[in-house]
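> quick one: sequence and predicted model below, then my questions.
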Amino acid sequence: MSVLLQIRNAHKRYGDQVLLDGAECTLTADTKVGFIGRNGAGKSTLLRCILGDDELDSGEIIRHPRLKIGYLKQHDPFLPGESALEFLMRDSGQPDWKCGEVAGEFEIKGNYLTCPLQSLSGGWQTRVKLSALLLHEPNLLLLDEPTNFLDLRTQILLEHFLRSFQEACLIVSHDRAFLNATCDYTLDLSMGELTLYPGKVDAFLEYQQELNDHDQRVNATIAAKRKQLQEFIDRNRARASTATRAKSKSKMLDRLELKELSSEQARAVIRAPQVERRQGPAVRCRDLAIGYGERVVAKDISLEIDHGMRAAIVGDNGQGKTTLLRTLVQSLQPLHGDAKWGHGIEIATYAQHVYSSLPENKTVLDYLEYEAIPGTKNQTILDVAGAMLFRGSAVNKRIPVLSGGERARLCMAAILLGKANVLILDEPGNHLDVETVEALADALIAYEGTVIFTSHDRHFLKRVATAFVEVRDGTVVHYRGDYDAYLYMVSKEIDDEESRRRAEKPNPSKQTTKSSAKPVSAPILDERQVRKQIGQLEKQIAKLDAQKKSVHERWMQASDPSESMKLHEELTAIQNELQTAETRWTELQEQLESP
């Protein structure tokens, strides 16, 4: 497997913040890597260095001579009035039929292909940009948060595309479900170091926790030993007869160093507003129609959301999810009917327009003091700011210099300092890292109030939501099933559409002549050969089982992180080989037992 890209001894810092500290990594062809790390860790900076838009302070990035990078741009590269087909032809230089064929893989056809791109939603525009990437035939895709603002259907289409894409990918994302579905490797950036793990993100996070627990146990042992040595030194260094031994113990003490733990990094520990549990309907919609001016987005809406529910608004982009939320919070007037809230409701809203329109003349602390309930103690404000990773001098950062993720966390901190018993959250996980999204999910699950939210993060949706409201084809209804059922329904619709499209394509095999050679059947084993192979497999399985046990024991006892990683890779390889052998053994047993 050829090496496409190699990062060697990379160093990068901004002021006092160290982003890369001797980081090293090798990316090979055909590997799909999920890239994770805290907000501000340096993921986007590293991508810019790979693209050549930024430079390392020291170290090097070695690129294969035939490396061809495809980068999903976050900004819109479209010309005014340009259609999807016109953009694809201009961007790629490919003929219209080729552009239309590739666009069809993302269901871009008909009016979506010929209407002005500015009239399409962000999700559809992302589909067009992905089509453009494919037309350039890159051998390494760099995707920076590709699922932000993408609806479920577009995410699944993107997953299908990435799984069928035969080249390498490096994907920055906070969406664990998306990374698990598309990437077989995980790259983590923390404390300036890169760690490439041969497994999916869930397995890596589990491995990371196991490693951290192991290091904590080692630290506890070292701390006890240090205390024991220090007590000996304190008792004996003043006496001439034992001073030499005390000096020797002092040298031993100097060599005993505690391991630096990843858990010692700042973590987001989120506390939801403390409210009383209430009963009955929180909001009731009757004969409601929503939309803009003369344009009706959905009508005949009869909907009731009870106190304590965590209702997820689901549906494709452009169907009206945000329109429904805006109508519920009365920032948009209904076209017909009404949406009535219960008595004593206090609403807090978190939406994209909120954190993109923060006051530019305030610092983090100024803004939180202004948003907090009057009389809130300064220490309480600092505690909440710290929980959202604004610690020390970070509270004095001015809002204009904050990143998208920092602005999002600042708005969330302001909500936490309030006393709202209803939270309206539009894509709360966007711009948050994996760990902060997990902390937010924990807080919302513990929250006694009502939550109405949209999210395209499937892992987050499945954890948090207790009810689902579907916006589709001009209607809004309670979906009568769990999220797995909804996910299955959408996936089946996409699979059926792809099957139909494949069936419409001409089949080259049907155009061959009658003299074409017939496929050669696999050789059929007689009973003696089957029994012989079963015996060989049983010996192989027993041997692999013993190896697995031995390596697992060594892995659990390993104290060096590099040795631990090496043993874990060996363990994974043995498990894969064992699974293959057991599958073949089962097939042969079935063949032996069949009449």
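Sure, I can see it. Numbering: from 1, shown residues only.
> okay, now the unreliable bits of the stretch 301-450 of the chain?
Within the stretch 301-450 of the chain, the ranges that satisfy pLDDT under 70 run 352-355.
> longest helix of the protein?
The residue-count maximum for a helix in the chain (DSSP state H) belongs to helix 201-236.
> which neighbouring elements make contact with that one?
strand 32-37, helix 176-182, strand 185-190, strand 193-197, helix 243-255, helix 561-593 (3 or more CB pairs under 8 Å, 6 or more residues apart in numbering; DSSP states H and E). In short, each C-beta sits where N, CA and C put it, glycine included.
> please identify the deepest-packed of these.
strand 32-37 (a mean of 24; mean count of other CB atoms under 10 Å).
> what is that strand packed up against?
Short answer (3+ CB pairs under 8 Å, 6+ apart): strand 32-37 packs on helix 43-51, strand 168-172, helix 176-182, strand 185-190, helix 201-236.
> the same query, at a cut-off of 6 Å, please.
Packing partners of strand 32-37 (3 or more CB pairs under 6 Å, 6 or more residues apart in numbering; DSSP states H and E): strand 168-172, strand 185-190.
> columns distance to residue 345 and mean pLDDT on top of these, output as TSV?
Converted to TSV, the helices and strands packed on strand 32-37 look like this (distance: least, CB to CB, whole Å; pLDDT from 0 to 100):
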stretch	distance to residue 345	mean pLDDT
strand 168-172	38	93
strand 185-190	42	93
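> I'd like these as a markdown table, with distance to residue 101 appended.
As requested, these are exported to a markdown table (distance: least, CB to CB, whole Å):
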| stretch | distance to residue 101 |
| --- | --- |
| strand 168-172 | 22 |
| strand 185-190 | 31 |
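> how about the strands in the stretch 251-400 of the chain?
Per DSSP state E, counting those that start in this stretch, the stretch 251-400 of the chain carries strands over the ranges 281-292, 295-306, 310-314, 336-341, 347-350.
> and the longest helix of the chain, what's buried?
For helix 201-236, burial by neighbour count (16 or more other CB atoms under 10 Å) applies to 201, 204-205, 207-208, 211, 214-215, 226, 229, 232-233, 236.
> figure out how far it is from the centre of its chain.
31 Å (CA atoms, centre = their mean, to the nearest Å).
> pLDDT on that helix, on average?
Taken as a whole, helix 201-236 carries a mean pLDDT of 80.
> also stretch 577-589?
72.
> between the longest helix of the chain and strand 185-190, how many degrees?
Counting by axes from the mean of the first three to the mean of the last three CA atoms, to 10 degrees, helix 201-236 points 40 degrees away from the direction of strand 185-190.
> could you check the angle helix 201-236 makes with strand 32-37?
Going by the same axes, to 10 degrees, helix 201-236 makes 40 degrees with strand 32-37.
> just give the number of residues close to residue 429.
When neighbours are defined as other CB atoms under 10 Å, residue 429 has 26 of them.
> out of the strands of the stretch 251-400 of the chain, which comes closest to residue 389?
Between residue 389 and those, the tightest spacing by CB to CB is seen for strand 347-350, at 16.9 Å.
> by contact count, what packs against the closest one?
So strand 347-350, by 3+ CB pairs under 6 Å, 6+ apart, packs with helix 404-416, strand 422-426.
> quick one: strands adjacent to that strand?
Strand pairing for strand 347-350, using DSSP bridges, gives strand 422-426 (parallel).
> in the helix or strand following the partner strand, which residues are buried?
Once strand 422-426 ends, the next helix or strand along the chain (criterion: DSSP states H and E) is helix 434-446. Within helix 434-446, the residues that qualify as buried by neighbour count (16+ other CB under 10 Å) are 434, 435, 436, 437, 438, 439, 440, 441, 442, 443, 444.
> and what of stretch 406-415?
Result for stretch 406-415 [16+ other CB under 10 Å]: buried residues 406, 407, 408, 409, 410, 411, 412, 413, 414, 415.
> thinking again about what came up before, ok, so of the buried residues of helix 434-446, who is nearest residue 222?
Ranked by distance to residue 222 (CB to CB), the buried residues of helix 434-446 are led by residue 435 at 26.4 Å.
> and the gap between that closest one and residue 176?
11 Å (CB to CB, to the nearest Å).
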